[in-house]
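Enquirer: can you look at this prediction? I've put the sequence above it.
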Amino acid sequence: MRRNFRLRSRNVVGPALLAVAVLGASTLLSNAASGSNAVAEEKVRAAFTLAMRVDQGVQVPPVARAGDRAVDADLNQQLDEGSKAIHSIFADEPAARVIKGLNNAIQSQRESGDHFRILGAGVGQIKFDEVTVDGSSAKVHATVETWCRTQVRQRPIEASGTSKPAWAGAEKWVVSEPHNLLDVTASLTEDKTGHWVIADYAWRFASGSGP
């Protein structure tokens, strides 16, 4: 009888032991889910950051030296490379809006290249106020610092006693680099390869910022 009892007792799991086992399994699953979600959130932040950099960076023509006038070949290259970069991180609808902005920047260079040049553009700090991931969808709310460096040629004035124009001031070009803070909200989706793209986004100037 003792031998049989001992054999049976080895297979008995008491309520306390069962509760411990369930709690342990739940904790492991919870930790795994938290870890997986943290990885997804980090990927979403990286995708959002890249999208903001692309949105700003495509405005700059690929000239050999900052300040050179962009010729047609440069501007065609800017449109081609910029469109590819935009489509790599933006879905079709928001990509169309960003490309519209790119076309406007290129058109301004074509029409005003004699007295207006885009020297550089980019993104500074990004403060993520909220990042939420739900499966293959995500939402981001962030404050984004943007900058754009341009130079404008001063308008000529008629020099006294001559028909030739003179330049107002000592320098022919004035360089400016405004920085703005944007309040940005975005929705992102993940494809089957794990690549996150911007499905929709909107921005406005943050309080106290703007042109």
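Expert: Nice, I can see it. Residues are numbered from 1 along each chain as shown.

Enquirer: what's the offset of the helix or strand harbouring Val131 from the middle of its chain?
Expert: For Val131, the host element (DSSP states H and E) is strand 116-134. Centre-to-centre, strand 116-134 and its host chain are 5 Å apart (Cα atoms, centre = their mean, to the nearest Å).

Enquirer: now stretch 176-185
Expert: Counting by Cα atoms, centre = their mean, stretch 176-185 comes out at 13 Å from the chain centroid.

Enquirer: residues contacting it, please?
Expert: For stretch 176-185, the external contacting residues (Cβ atoms under 8 Å, 6 or more residues apart in numbering) are 52, 124, 139-152, 201-206, 208-211. No exception for glycine: its C-beta is placed from N, CA and C like everyone else's.

Enquirer: what do you get for stretch 143-159?
Expert: 52, 56, 59, 67, 114-127, 129, 165-169, 171-184, 203, 206.

Enquirer: now the residue nearest to Ala186 when sequence neighbours are not counted. Its backbone dihedrals?
Expert: Spatial nearest neighbour of Ala186, chain neighbours left out: Tyr201 (3.7 Å); criterion: Cβ to Cβ, 6 or more residues apart in numbering. The phi and psi torsions at Tyr201 (degrees, to the nearest 10) take the values phi -160, psi 160.

Enquirer: what about Tyr201, how many neighbours?
Expert: 20 (other Cβ atoms under 10 Å).

Enquirer: what sits against it?
Expert: Ala51, Pro94, Val184, Thr185, Ala186, Ser187.

Enquirer: recalculate using a threshold of 7 Å.
Expert: Pro94, Val184, Thr185, Ala186 (Cβ atoms under 7 Å, 6 or more residues apart in numbering).

Enquirer: ditto for Asn104
Expert: Here Asn104 is in contact with no residue (Cβ under 7 Å, 6+ apart).

Enquirer: and it, that's in a strand?
Expert: No: applying DSSP: H, G, I helix; E, B strand; the rest coil, one finds Asn104 to be helix, outside a strand.

Enquirer: and Asp80, how far is that from Val58?
Expert: 11 Å (Cβ to Cβ, to the nearest Å).

Enquirer: neighbour-wise, which of the two wins?
Expert: With neighbours defined as other Cβ under 10 Å, Asp80 and Val58 compare such that Val58 has more, 23 against 10.

Enquirer: what are the buried residues along stretch 190-198?
Expert: Glu190, Trp196, Val197, Ile198 (16 or more other Cβ atoms under 10 Å).

Enquirer: next one: the most centrally placed residue in the chain from Val123, what distance?
Expert: Taking Cα atoms, centre = their mean, the centroid of the chain lies closest to Met52, which sits 2.1 Å from it. Met52 sits 5 Å away from Val123, going by Cβ to Cβ.

Enquirer: again with His115
Expert: 27 Å.

Enquirer: what's the answer for Ser108, then?
Expert: Taking Cβ to Cβ, one finds Ser108 at 21 Å from Val123.

Enquirer: and for Val58?
Expert: 12 Å.

Enquirer: that older thread, who's more crowded, Ser108 and Val123?
Expert: Higher neighbour count among Ser108 and Val123: Val123, with 19 against 15, using other Cβ under 10 Å.

Enquirer: what sits against that one?
Expert: So Val123 contacts Met52, Arg53, Gln56, Val144, Glu145, Thr146 (Cβ under 7 Å, 6+ apart).

Enquirer: I appreciate the help and will end here.
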